[in-house]
Each structure stands twice: as structure tokens, then as C-alpha cells.
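A.B. asks: Build me a structure from this.
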Amino acid sequence: MTSVKKLPVTYPTITSWQWHATLFSILSNDENAKKWIFSNYIQLRCYNIQEIFTGDEMLFADVMPGSSSLKECPYLITAPITSEQIEAYCGNVIDFITKTIDVNGYVYGVFDEAKILCDAEVDYKFPHELFIYGYDLEKEVFYVGDFTFKDHYSRSEVSFKDIEKGYKDIQVGEDHTFKDDYKGHRGLYVIMKNTDSPVYELDIKLIKDTLKEYLNSMDTKNHFRMMRNRFDDTTFGVNVYDRVLDTINKQVASDEPDFDIRALHLMYDHKVLMNERLKYLMANGYIEYNEDVLKGYGLVVKNMLAARNLLVRISITGDSSVASRFKMYLDIAKEKEVGVLFKVLAELEEKYR
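C.D. replies: Residues are numbered from 1 along each chain as shown. Here you go, the predicted model:
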């Protein structure tokens, strides 16, 4: 067995949540997978949840499909392996991960990253998803993708010892990936690429239908009631702009503001991916090349980036005197996006009746 093995990864197109960063790390450059990617990730939704680390209320925003994308994407084969299975198959988590990588499987799951970040004993936990794609037996490290270690999505090395410690410290109820799947267990996901042959063609009807739902802020969760129960306060589509702005305004007005950039970063990623979708549709002849459409949507991306960076700046400096710019940035992005996407939708409906 070789002492070093790294499975193929690319820096992901979108990085707002670990599940998206993981899928795009594995599939971003695959031409077959692009047909599934660009058929999806159109609809936005947001709702309030209890933050798993602090217990505070937060606005959770995501693009659809969300965390379930790792299981739903036909170009990935994802298997949940419980802690009991890991113990029975390999005896310990380190052997399980290395043997999984040996057969070209990626590993994804929740670890206590407080134990990974800190050498000293700490009395708190930081459960967070980790993506593992390689190892070095001589250095006794795993190669991982994560947000935590460098305050942005990056690739790092984590020792076998820290991985084992971080894995063992998470109990059944603290493993939110298994909890979200209603399996009630502790474990890890093994992810295999399934890209050798095309199994999914670009779905123009799905793109048209979801663009309509996005632009009209239609409630699309009823499509997925067979998977899980609904949240009652979900906002969909372009109305997410208004709810995110309202949340930012409340943060700015707070006596002790705790700025959360995740919703804005998700929205920025959504615009980046939509922009790539438009380029893909034009490059492959699904719609006509249109410089005005690309320039117009470029303004959407630019204004969302400005809004995200402004919130980062305010969270660092504490100077909220420029917070009025949020409304300007979001209003421009929303108005321009609606105009551009209605034009694209009209062309798709005319061409594909």
C-alpha cells in the first residue's frame, strides 16, 4: 500500500455550506455532472432555526437541493455507515477512513473540531462536518476540506490522532448529519464518484419550472413532503432578498450585534452558480449567446459580492455607519436578476414548448 494517497478534488465553485463545498470539490470539473448541477440549484429558501453551536436563533438560507444533494446527485454514490459498522468492519475509525480512501471513497461526517483546533482540554464542543479525501501514512495525517481551520474554505492536514479524538467525542444526538436524515445514529458517509457514463441529461423542463418558482417566490417544499416534515415559516425565491435584508437590519440595530454572514454568502454563491449556468446554456446552444444578459447578470454578482463584503467589514470593524448600503446593493441585485431571468425564461419557453 502506498504511503500517500489523495483522491481528485478541485476548489469548489460554491463554498457557502460544507455539503455544497464537498459535492463541488468532487464534481466541479466533470462534464457529465454539470448537466445535473445546472439543472438544479435554482430555488432559494430560508427559515429560522436554532443555531446548533450557540442555541441562538439564526436565519438559515440555502439553495435547493440543500444538504440532501450529496445523497440525491446521481453522479455520487453515498452510503451512511454507522459507528457500529465502522467498529465491526475495521476496529477503529482511522483504519476505516484509510481503507475507504484506498478504494477511492471520500469520507464525510461530523467531528468535534474543538478537539482538533485545541491541544488543551476544553469544556465545549464544536460539531462540524469534515470532508476527507486523502492520507499520508508516514506523516500520519489526513487531507481535509473545511471552513474552520483558516476561516474560509480551504484544504488542510489533520493528524490521525486529532481525527480519532474529534470523531470519538461526538455522541449520537450531536451528529446532525445523521439526525437530519432521521437515522438516529452516529456515523460517517462514504462517497464514491459515479461519473464513468452519463446517467442524467440537462433537464430543460426542470430549469423552466424552477425558474418560475424562484421568480414568483412560489412555495416548492410540498414537492419534498415525502422526505421530511415542513418548517412553517419558510420564505422562497426572490423574497429571500427581503428576509435577509430584514435580518441584517436587526443585527445592525442590536445593542450587541452578532453578525452572521452565512446567508449573504449563500446568496452570493447562488448568483455565481446562476451566472455559470447562463454561460453553460449559451455555450451549449440551449439559448442564444446574449452579451446583454451576461453583463446584466454580472451586475447581480457584483452587487451581491459588495453586500457580502460590506457585512464582513462591519463585523470586523464594528462600524455600521455604512449599513444603509445593504438595501441599495440588494435592491439593485434583485431588480436586475428578475429582469434578466424573466428574459431567459421567456426564451426557454419559446424554444422548448
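
A.B. asks: what's around the residue lying closest to K351 once chain neighbours are set aside, how many residues?
C.D. replies: Nearest non-adjacent residue to K351, counting by C-beta to C-beta, 6 or more residues apart in numbering: I287, 7.2 Å away. All C-beta atoms are positioned from the backbone trio N, CA, C, and that covers glycine. For I287, the number of neighbouring residues by other C-beta atoms under 10 Å comes to 20.

A.B. asks: Number the chain from 14, please
C.D. replies: That works, and once the first residue is 14, the last one we named lands at I300.

A.B. asks: Next, I300: secondary structure please.
C.D. replies: coil (DSSP: H, G, I helix; E, B strand; the rest coil).

A.B. asks: my guess is it meets Y293, correct?
C.D. replies: No: checked against C-beta atoms under 8 Å, the pair I300 and Y293 is beyond contact range at 9.9 Å.

A.B. asks: gap between the residue nearest to K364 and R58?
C.D. replies: Distance check for I300 against R58: by C-beta to C-beta, to the nearest Å, it reads 26 Å.

A.B. asks: What of G298?
C.D. replies: 31 Å.

A.B. asks: These two: which is more packed in?
C.D. replies: Neighbours were counted for G298 and for R58 using other C-beta under 10 Å; R58 has more, 22 against 8.

A.B. asks: give me the low-pLDDT residue ranges for the stretch 114-263 of the chain?
C.D. replies: 128, 130-137, 193-197, 237-244 (pLDDT under 70).

A.B. asks: And the helices in it?
C.D. replies: 126-130, 173-181, 189-193, 217-228, 253-266 (DSSP state H, counting those that start in this stretch).

A.B. asks: between the ones you listed, which one is nearest to G309?
C.D. replies: Closest approach to G309 among the helices of the stretch 114-263 of the chain (C-beta to C-beta): helix 217-228, 14.6 Å.

A.B. asks: picking up where we left off before, can you list phi and psi of the residue nearest to K364 for me?
C.D. replies: phi -140, psi 160 (degrees, to the nearest 10).

A.B. asks: what sits against it?
C.D. replies: Applying C-beta atoms under 8 Å, 6 or more residues apart in numbering, we find I300 in contact with 291, 294, 357, 360-361, 364.

A.B. asks: ChimeraX command for the buried members of the residues you listed?
C.D. replies: Per 16 or more other C-beta atoms under 10 Å, the buried members of those correspond to this ChimeraX selection:
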select :291,294,357,360,361
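
A.B. asks: can you put the contacts of I300 in CSV and add pLDDT, distance to E142 and secondary structure?
C.D. replies: As requested, the contacts of I300 are exported to CSV (pLDDT from 0 to 100; distance: C-beta to C-beta, whole Å; DSSP: H, G, I helix; E, B strand; the rest coil):
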residue, pLDDT, distance to E142, secondary structure
L291, 98, 30, helix
L294, 98, 31, helix
V357, 98, 33, helix
E360, 97, 38, helix
L361, 97, 35, helix
K364, 93, 40, helix
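
A.B. asks: could I get the contacts of I300 as a markdown table with distance to H141?
C.D. replies: Shown next, in a markdown table, are the contacts of I300 (distance: C-beta to C-beta, whole Å):
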| residue | distance to H141 |
| --- | --- |
| L291 | 33 |
| L294 | 35 |
| V357 | 37 |
| E360 | 42 |
| L361 | 39 |
| K364 | 44 |
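
A.B. asks: circling back: D108: which of the helices of the stretch 114-263 of the chain is closest?
C.D. replies: Between the helices of the stretch 114-263 of the chain, helix 173-181 lies closest to D108; by C-beta to C-beta that is 10.0 Å.

A.B. asks: buried residues in the closest one?
C.D. replies: Neighbour count says helix 173-181 has 173, 175-177, 179-180 buried, by 16+ other C-beta under 10 Å.
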